[in-house]
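1. no FASTA, just this:
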């Protein structure tokens, strides 16, 4: 499983799972359900085969609200383009990678025009390659393997965290909780570091790693606060750590003295923002992502040039606007 997939495979059941300069915040505050759509950049030519006639979305968690939003928005965009669309996925409440792979193989056997999915493990790569060899256009959300990928740009995401934190008054001594010191987690942490150095009031004073294991979050949050008592902001790209960080802040009676920037509104993120324990929560434009991936595979099937990676829309919701953003399709 790639690090991005591993991170999101854990985040999605909990937050989606499961994710500012003034200009950036203003831009991202727009309703992601509006003006969605086709990728604006293109790099890779594809083999023209005519209009896309059919597409299937192998949804990892069809009943989970965030994935339900994505699925519904893919469906609406497919209908708008006259594409025969079907959605499938595990019937239970747990991500079942084996079942998803079987459904991708079935879609390949049924000669669907396009397959869209979340690559929950490295085992998806050869299955998607088989579909591509069969002439099927593939699109993946939050992980590699598709002809087109829609997901976060983790370096830019790190900057977004810092831009939001820098708006707080006074010196901000920042402690990070990252999955590891490699891959997308490193990209995020490096993005935070670089952006912090460009500010006058944000300094990264320490980093701990949890391997995206929720069971390690409390201990690591406590370790971070013990080693760096000057910390007054903590942040993470992982929704799995939210309960542990909130518990550490409460247990140390640091509410009002230390704030958290969470990954996602679920898994306690929304409540932490409402209670003032979290300054904000990283959100993604779920509906926009669904529409974008559908338009990307459809455009590629038509022979148009389409970017191989399309950055997902991101924002950080605060107490002032989190509820509004969630109502607009962010999550």
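-> The structure has been received and is ready for your questions. Bear in mind that the values here come from a model prediction, so they are computed numbers and not experimental data.
2. next, residue 188: phi, psi?
-> Here is the backbone geometry of residue 188 (degrees, to the nearest 10): phi -60, psi -50.
3. what's the neighbour count on it?
-> For residue 188, the number of neighbouring residues by other Cβ atoms under 10 Å comes to 29. For the C-beta atoms, the positions are set from N, CA and C on the backbone; glycine is no exception.
4. I'd assumed residue 159 was in contact with it.
-> No - judged on Cβ atoms under 8 Å, residue 188 makes no contact with residue 159 at a distance of 9.7 Å.
5. from residue 182, how far out is residue 124?
-> For residue 124, the distance to residue 182 equals 20 Å [Cβ to Cβ, to the nearest Å].
6. more neighbours: those two, which one.
-> For residue 124 versus residue 182, neighbours defined as other Cβ under 10 Å are more numerous around residue 124 (26 against 11).
7. identify the residue spatially nearest to that one, adjacent ones excluded.
-> Closest residue to residue 124 apart from its sequence neighbours, by Cβ to Cβ, 6 or more residues apart in numbering: residue 145 at 5.4 Å.
8. confidence score at the residue nearest to residue 237 when sequence neighbours are not counted?
-> Nearest-residue entry for residue 237: residue 188, 4.6 Å, with adjacent residues in sequence omitted and distances by Cβ to Cβ, 6+ apart. Looking at residue 188, its pLDDT stands at 96.
9. next up, the contacts around residue 188.
-> Each residue near residue 188 by Cβ atoms under 8 Å, 6 or more residues apart in numbering is listed here: 154, 155, 157, 158, 161, 178, 237.
10. residues near the residue nearest to the first one when sequence neighbours are not counted, how many?
-> Read it as residue 154. Spatial nearest neighbour of residue 154, chain neighbours left out: residue 187 (3.8 Å); criterion: Cβ to Cβ, 6+ apart. Applying other Cβ under 10 Å, we find 20 residues neighbouring residue 187.
11. which residue ranges form the strands in the stretch 51-200 of the chain?
-> Assigned by DSSP state E, counting those that start in this stretch, the stretch 51-200 of the chain shows strands spanning 54-58, 84-88, 114-117, 137-141, 148-151, 172-178.
12. helices or strands up against the host helix or strand of residue 290?
-> Take DSSP states H and E as the rule and residue 290 turns out to sit in helix 286-301. Taking 3 or more Cβ pairs under 8 Å, 6 or more residues apart in numbering; DSSP states H and E as contact, the helices and strands that helix 286-301 lies on are strand 54-58, helix 65-80, strand 114-117, strand 137-141, strand 148-151, strand 309-311.
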